[in-house]
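# Next one to model:
(chains A and B)
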There are 2 protein chains.
Amino acid sequence: MSDLRKTSVQELLRSTDLDREVLLKGWVRTRRGNKYVQFISVNDGSTIHNIQVVADAEKFSDESLKEITTGSSVAVRGKLVASQGKGQAVEVQAAEIEVYGASDPETYPLQKRGSDQKGISLEELRKIAHMRPRTNTFGAVLRIRHAMSFAIHQYFNANGYFYVHTPIITGSDAEGAGQMFRVTTLPDVNPPLNDAGHVDYKQDFFGKPTNLTVSGQLEGELAAMALGKVYTFGPTFRAENSNTARHLAEFWMVEPEVAFNDLQDNMDLAEDFLRSLVRYALEHCADDLQFLNDQYDKELLNRLKFVTDNEFQRLTYTEAVEILKTARQKFEFPVDWGTDLQSEHERYLVEKHFKKPVILTNYPKEIKAFYMKLDDDGRTVRAMDVLFPGIGEIIGGSQREEDLQKLSTRMQEMHVPEEDLWWYLDTRRFGTAPHAGFGLGFERLILFVTGMTNIRDVIPFPRFPKSAEF
Amino acid sequence: MSDLRKTSVQELLRSTDLDREVLLKGWVRTRRGNKYVQFISVNDGSTIHNIQVVADAEKFSDESLKEITTGSSVAVRGKLVASQGKGQAVEVQAAEIEVYGASDPETYPLQKRGSDQKGISLEELRKIAHMRPRTNTFGAVLRIRHAMSFAIHQYFNANGYFYVHTPIITGSDAEGAGQMFRVTTLPDVNPPLNDAGHVDYKQDFFGKPTNLTVSGQLEGELAAMALGKVYTFGPTFRAENSNTARHLAEFWMVEPEVAFNDLQDNMDLAEDFLRSLVRYALEHCADDLQFLNDQYDKELLNRLKFVTDNEFQRLTYTEAVEILKTARQKFEFPVDWGTDLQSEHERYLVEKHFKKPVILTNYPKEIKAFYMKLDDDGRTVRAMDVLFPGIGEIIGGSQREEDLQKLSTRMQEMHVPEEDLWWYLDTRRFGTAPHAGFGLGFERLILFVTGMTNIRDVIPFPRFPKSAEF
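Predicted coordinates:
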């Protein structure tokens, strides 16, 4: 079309250098107008905002204009000028428009959604997850998801952490964090059997049964005991038959692990980390957040500021149970020391009682994992859960048991096979040290930051029971 | 030990604020000395360098000093002072030393490696991958791996790309890029069968057969056709029975995809991207690179500068074949138009003929994937491979076929089932546009930047046939 370098819509909208020739490329959101002038809204994904292209109807044939429909892809050469209309500072006076790809209004799945966000429900959009990034809503969610990913890497890099890629395929079913997916290359019928009549995994790809990881923590600990401060950020998997708005079979986890940190340090890290992420979102995703706030959840921005403005309330599980037992609120599930807290309890503490984010610590050992450091009383462990408004648990972590003997005893009590975890125990055998870490469910963070309510709407291609399309 | 905040070894070594009390925590690399004074080298993973702790033997009992062995973990309180010895600017005069975790010299697997890098071979270290990050070599490799990960995210973020998490579990076996791992929750013996006598995958977790992804490209394209500029960075899998120094069953891929880019733009991006990554390594990993250069590969730093200092040579496959056919070198595999180039050919072009990185383009369509854009001659496609010294292909990419009809024809020719990829074809049905992208094998990049020669040594926990330990 010309030798001009293409400029993104975001750059154009921010530009103060007017009356120059520009080239833009993107997808048409709407076209309207009359026989004198046509207004074409173009979006290229760089921002939630469209740029208005003004086409003098006399200069373009009816034929060529007819192709410019919602969803079609175009290149526009023209002059960037101050807009005469309302709603935008600048617009492009088209000199030339090329349509790269048409979009038949009869069949384009997002036809109704051109400018009207109410056109198609979020449920319907889940069925066309390959198209939904073209909507304002999912454009905003995915840009925020990117921004949060980057903020995570930036936070850790700036603070001296090393990113460690822990394995996805794992030979140990050790953590007991949930049902796992089996990974295999054996034939699906009549796999080879061994003498005992069981499947002979010696003949499988890895020479033993393998699964998809449920957490990178144990390997993260290995790395922390060498590099000091590390984090993982990768996919994890649960083969649980949960068809809820809170569960995915495939999701991303962020797991920092720090040598020489104790529970106090761990809480400080979690609080500073979460606060800095939310602050990053407020600073870098203002337009997308404003859109989500206006369209879906008028309390979204307030809730984000609530996190940046309030220190997190820290208390023990035991103290929390006391508060819940004397609460005036009636709970579906009764609370007593030793029971796991339900979402209703967590939200009561955060939203009603303290009215700020809460960190609960020192849970009964029976309801927590084997690797958590035993408190001196022998009843509780140095666990911590960070509870957020609207979300409940957003982070779970602990100081780890660094004492080989105590860890070994806990593993026996909880029937975790030591022979599978010889390498994990080696960290306690050689140069063991206090250390602590936590896991942040990345999609829970995105739920919180975007105000979306279904976890299937904050990951590009959600995996859940009976669904692995795209 | 005290209320002092711990300082990292890296900060201490760079410190100019001397004669103050400091607290450091880390692992002992060596202890030597005499009955008057003991010198303890401590490393905490923050840098390849150790800090020297000087302990007045009179102030510490023999008993307590005996525990300070290679691999033990310690906290040291003391004064940071200018070093009287050679080899370091500062050292710590110990006032107090606490041993967190001992390390029995009789059984510690890295005992021999305290300071002597030749103590244990890389092969042996692979068997103790949970311990090898504690060596200088793997500390350096893992820090560089982190730096390259961060540089990748920073590069794309700064240039307006959005990070997209493409799915790991996939229901389509479409790209044909290689053998896949099956993911299932069906029982391993006697799985349910359907009427036809095949495994009834309707009863599997996702209601159909699923595999681990071989590439995020196709989903990346979906995102690029909405957000404009995207990239993936995630694990990918090949169930190939390759026991070589170049192949892993699980590895990480970086795949940018850009709407409206053509092959030329794609080459410009690949070249700028790779150059900026290598420049980042030279700027941010100087100490680790110097170590690897000195210990393993005296040409490493030269090779890195070779990439930052030379423009990449661009030529077509056809031109390359002409050069190879008239080369004075004898190749094991003969070259003729239409054959795939072997590593020996690629390395000849890079290392002998051009003596600079090379980008080959426009390969015969028969040896490339179905989604690559057909050239006007109908014989070649707009593919590009970036070839690096010592590595061969480090990037493979292409402009994509955006024409629905041409793409459909190519899929039929190559027996790619269209019904499995209805969603991919939708991008060509609605608002199709030129676009291009490529895949960078992240471990290949790390091989290049570190100078390591076995790919199992540049990922923390390598997965390959018969090996999924840790």
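
# can we go C-alpha only for contacts and neighbour counts from here?
Noted.

# Pairing partners for the nearest residue to residue A:83 once chain neighbours are set aside in the sheet, please.
Nearest residue to residue A:83 in three dimensions, chain neighbours excluded: residue A:90, at 4.6 Å (C-alpha to C-alpha, 6 or more residues apart in numbering or on different chains). According to DSSP bridges, the residues that bridge with residue A:90 are residue A:82.

# and residue A:90, what is it in contact with?
A:12-13, A:51-52, A:80-83 (C-alpha atoms under 8 Å, 6 or more residues apart in numbering or on different chains).

# Can I get those residues in TSV including pLDDT and neighbour count?
Formatted as TSV, the contacts of residue A:90 follow (pLDDT from 0 to 100; neighbours: other C-alpha atoms under 10 Å in any protein chain shown):
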residue	pLDDT	neighbour count
A:12	97	19
A:13	97	18
A:51	97	27
A:52	97	27
A:80	98	23
A:81	97	18
A:82	96	16
A:83	93	16
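
# Show the pLDDT at the residue nearest to residue A:83.
On pLDDT, residue A:90 comes in at 97.

# And for residue A:390?
Residue A:390 is given a pLDDT of 89.

# Quick one: neighbours of the spatially closest residue to it that is not a sequence neighbour, just the number.
The spatially closest residue to residue A:390, leaving aside those adjacent along the chain, is residue A:347, at 6.9 Å (C-alpha to C-alpha, 6+ apart). Using other C-alpha atoms under 10 Å in any protein chain shown, residue A:347 has 22 neighbouring residues.

# Now do the SS call for residue A:347.
Judged by DSSP: H, G, I helix; E, B strand; the rest coil, the three-state class of residue A:347 is helix.

# Who are the contact partners of it?
By C-alpha under 8 Å, 6+ apart, the neighbours of residue A:347 are A:387-392.

# Could you check how far the closest residue to residue A:58 other than its chain neighbours is from residue A:62?
Nearest-residue entry for residue A:58: residue A:36, 6.6 Å, with adjacent residues in sequence omitted and distances by C-alpha to C-alpha, 6+ apart. To residue A:62, residue A:36 is 11 Å away according to C-alpha to C-alpha, to the nearest Å.

# And for residue A:410?
Distance from residue A:410 to residue A:62, by C-alpha to C-alpha: 77 Å.

# okay, those two: which has more neighbours?
It is residue A:410, of residue A:410 and residue A:62, that has more neighbours when counted by other C-alpha under 10 Å, with 20 against 11.

# what about residue A:223, distance to residue B:119?
21 Å.

# more neighbours, those two?
Shown here are residue A:223 and residue B:119; by other C-alpha under 10 Å, residue A:223 has more neighbours (33 against 12).

# Now do the SS call for the more buried one.
Here residue A:223 is helix, with the state taken from three-state DSSP.

# Now for residue A:292: which residues touch it?
A:137, A:140, A:300, A:450-451.

# which of the residues you listed tops the neighbour count?
residue A:450 (29 neighbours).

# was I right about that one contacting residue A:142?
No. Using C-alpha atoms under 8 Å as the test, residue A:450 is too far from residue A:142 to be in contact (9.8 Å).

# what do these two both touch?
By C-alpha under 8 Å, 6+ apart, no residue touches both residue A:450 and residue A:142.

# which SSE is whatever residue of the stretch 301-450 of chain A ends up closest to chain B in?
Residue nearest to chain B within the stretch 301-450 of chain A (C-alpha to the nearest C-alpha): residue A:431, separated by 4.0 Å. Taking DSSP states H and E as the definition, one finds residue A:431 inside no helix or strand.

# and it, what pLDDT?
Note on residue A:431: pLDDT of 97.

# re earlier: redo the contacts of residue A:347 as CSV? Include neighbour count.
Shown next, in CSV, are those (neighbours: other C-alpha atoms under 10 Å in any protein chain shown):
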residue, neighbour count
A:387, 25
A:388, 26
A:389, 23
A:390, 16
A:391, 18
A:392, 24
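
# For these, which two are the farthest from each other?
A:387 and A:390 (9.1 Å; C-alpha to C-alpha).

# quick revisit: which of the contacts of residue A:90 lies closest to chain B?
residue A:12 (13.7 Å).

# Is there any residue in the lowest-mean-pLDDT helix or strand in chain A that contacts chain B?
Lowest by mean pLDDT, DSSP states H and E among the helices and strands of chain A is helix A:62-66, with a mean of 91. No. Using C-alpha under 8 Å from any C-alpha of the partner chain, helix A:62-66 never reaches chain B; the gap is at least 13.9 Å.

# quick revisit: out of the contacts of residue A:292, which sit inside helices?
Within the contacts of residue A:292, residues falling in helices by DSSP state H are A:137, A:140, A:300, A:450.

# Which pLDDT value belongs to the third one?
Each residue has a pLDDT score; the one for residue A:300 is 97.

# for the last one, same thing?
What the model reports for residue A:450 is a pLDDT of 98.

# ok so, going back, so who does the residue of the stretch 301-450 of chain A closest to chain B touch?
B:27, B:71-73, B:100-103.

# Stretch A:252-259 vs chain B: in contact?
No. On the criterion C-alpha under 8 Å from any C-alpha, stretch A:252-259 is out of touch with chain B, staying 8.5 Å away.

# Please enumerate the helices of the stretch 351-470 of chain A.
A:404-413, A:422-429, A:442-450 (DSSP state H, counting those that start in this stretch).

# Ok, which of these comes nearest residue A:278?
The nearest among these, by C-alpha to C-alpha, is helix A:442-450 at 7.0 Å.

# what's the closest one packed up against?
Helices and strands touching helix A:442-450, by 3 or more C-alpha pairs under 8 Å, 6 or more residues apart in numbering or on different chains; DSSP states H and E, are helix A:136-158, strand A:250-259, helix A:300-309.

# now with 10 Å?
helix A:136-158, strand A:229-237, strand A:250-259, helix A:263-284, helix A:286-295, helix A:300-309, strand A:380-388, strand A:392-399 (3 or more C-alpha pairs under 10 Å, 6 or more residues apart in numbering or on different chains; DSSP states H and E).

# these two touch, right, residue A:399 and residue A:385?
No. Using C-alpha atoms under 10 Å, residue A:399 is not in contact with residue A:385; the gap is 11.8 Å.
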